[in-house]
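S.K.: Compute the structure for the input listed below.
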Amino acid sequence: MRQNYTEEDIEVITRQLDREPRNLVGIAKRCKDGYPQVLVTYPIFEENEELKLFPTTYWLSCPKLIEWIFTLESEGLVQQVQEEIMADCKKQQELITAHEDYAQRRVELLSNSDLTKLKEEYPGRWRVISQSGIGGIMEKEGIKCLHTHYADFLINQKNPVGKIVDNLLQARFSEVNLDNCSICDEE
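M.R.: Numbers count the residues shown, from 1 in each chain. Take a look at the predicted model:
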């Protein structure tokens with residue numbers, strides 16, 4: 001992915017996350033005001049001369065969306081959404097496909113040298129990078145975090161968990177319109 005962010009974007013992301021972004025590769029989606037909404041992060045990082053895995057590839061950065069989804073999660077909706085997916089064979093298959101697509105996109109971010117190094121020197125981590133799904137989950141039926149699924153949905157509109165979250169957000173927070181959001185404006 002070609003770098004598509006500016007120093008101003010870094011300042012906004014730092015305000016959004018309350019820290020500087022790590023492993024940033026690019027911005028996958030911006031809100032209607034042009035502020036970063038979903039970040040793309042590099043799947044690995046080096047620490048003490050060792051390659052380690054970065055927890056997620058698509059990182060939701062919009063403070064309002066993070067807050068609203070946290071509200072849904074705190075009400076136990078992770079379990080509810082998981083039950084809805086497991087009760088529907090079509091949604092189960094869509095989720096498996098979303099996990100596989102996510103893993104493929106994560107692998108495609110790697111440089112050739114990192115790809116080779118992972119395969120040769122870190123086979124366990126290569127397995128996680130190439131086979132784990134959204135949020136690094138290995139069991140494809142499970143849902144770990146609604147934020148990661150929603151970030152994936154905002155990018156490709158295919159993730160069934162993200163679609164359910166999108167419907168819940170519209171139903172629950174429709175009175176609070178992102179069109180009037182100014183949370184990312186410079187202070």
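S.K.: gap between residue 126 and residue 93?
M.R.: 26 Å (Cβ to Cβ, to the nearest Å). Backbone N, C-alpha and C define where each C-beta goes, glycine included.
S.K.: Which of these two has more residues huddled nearby?
M.R.: residue 126 (21 against 11; other Cβ atoms under 10 Å).
S.K.: part of a helix, is that one?
M.R.: Yes: Residue 126 forms part of a helix when assessed by DSSP: H, G, I helix; E, B strand; the rest coil.
S.K.: Setting aside sequence neighbours, what's the nearest residue to it?
M.R.: residue 118 (4.3 Å; Cβ to Cβ, 6 or more residues apart in numbering).
S.K.: Show me what the helix or strand harbouring the one you found is packed against.
M.R.: Element membership for residue 118 (DSSP states H and E) is helix 112-121. Judged by 3 or more Cβ pairs under 8 Å, 6 or more residues apart in numbering; DSSP states H and E, helix 112-121 is in contact with strand 50-53, helix 123-131.
S.K.: Next one: the residue nearest to the spatial centre of the chain from residue 76, what distance?
M.R.: For the chain, the residue nearest the mean C-alpha position is residue 58 (3.0 Å; Cα atoms, centre = their mean). Residue 58 is 24 Å from residue 76, where distance means Cβ to Cβ.
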